[in-house]
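> okay, here's the prediction I keep looking at, along with the sequence it came from:
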Amino acid sequence: MAALYFTPWMWLIIAMVLLIIELSAPGAWFIWIALAAGATGLLTLQLPFLGPEFQGIIFAVLAIISTWAGRRFFRPSRTDSGDERINSGAERHIGRRLVVTEAISHGVGRVKLGDGIWTAHGADTPAGSVVEVVAVSGIVLEVRPVAPTDEQDEQDKKTPD
């Protein structure tokens, strides 16, 4: 039985195939293995006396190191903004004051938020009154009536969203 012999060109071809797979597959995982295969090919080109066992060991070690380094240094960092609601959709509107467009009657009404009209649940409130968002349940705003201030009214009129 003939011994399996890896030439430097085989490692470089494996690296190219892995790079092609990386281009067609989502994520960034094959690139690190391709980098290890390419580095093994270049090392084998410089040290042609390395047997297939040593080439395999070198490839495995380089694959582990390159994958670890790639995930450690090129992974998007997660930064804590301090506001837990920043990416939680409608919850970012908690605390905003809105104008009731359709009277809240029997606990259900409509409020204007930006250029849209949202369903609101809360205490009975006539149309035109100002309410404050206290919670969000899906696409329904939980509101409570508040006494409007002149400054807040002006701010709500200027806010385009």
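Sure thing, it's come through.
> same for the helix or strand residue 103 falls within, what does it pack against?
Assessed by DSSP states H and E, residue 103 sits inside strand 97-105. If you count contacts as 3 or more CB pairs under 8 Å, 6 or more residues apart in numbering; DSSP states H and E, strand 97-105 packs onto strand 108-113, strand 116-121, strand 130-137, strand 140-145, helix 150-158. Bear in mind the C-beta positions are built from the backbone N, C-alpha and C, glycine included.
> any idea which of these gets closest to residue 48?
Nearest to residue 48, of all the helices and strands packed on strand 97-105, is strand 130-137, at 66.8 Å by CB to CB.
> circling back: got CSV for the helices and strands packed on strand 97-105, with mean pLDDT too?
Formatted as CSV, those follow (pLDDT from 0 to 100):
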stretch, mean pLDDT
strand 108-113, 92
strand 116-121, 91
strand 130-137, 91
strand 140-145, 92
helix 150-158, 53
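> residues contacting residue 135?
Counting by CB atoms under 8 Å, 6 or more residues apart in numbering, residue 135 makes contact with 94, 141, 142.
> what about it, distance to residue 142?
4 Å (CB to CB, to the nearest Å).
> can you pull the domain assignment for this protein?
Per automatic domain parsing, the domain ranges recorded for the chain read 8-74, 89-158.
> which of the ones you listed has the lowest average pLDDT?
Mean pLDDT is lowest for domain 89-158 out of the domains of the chain, coming in at a mean of 84.
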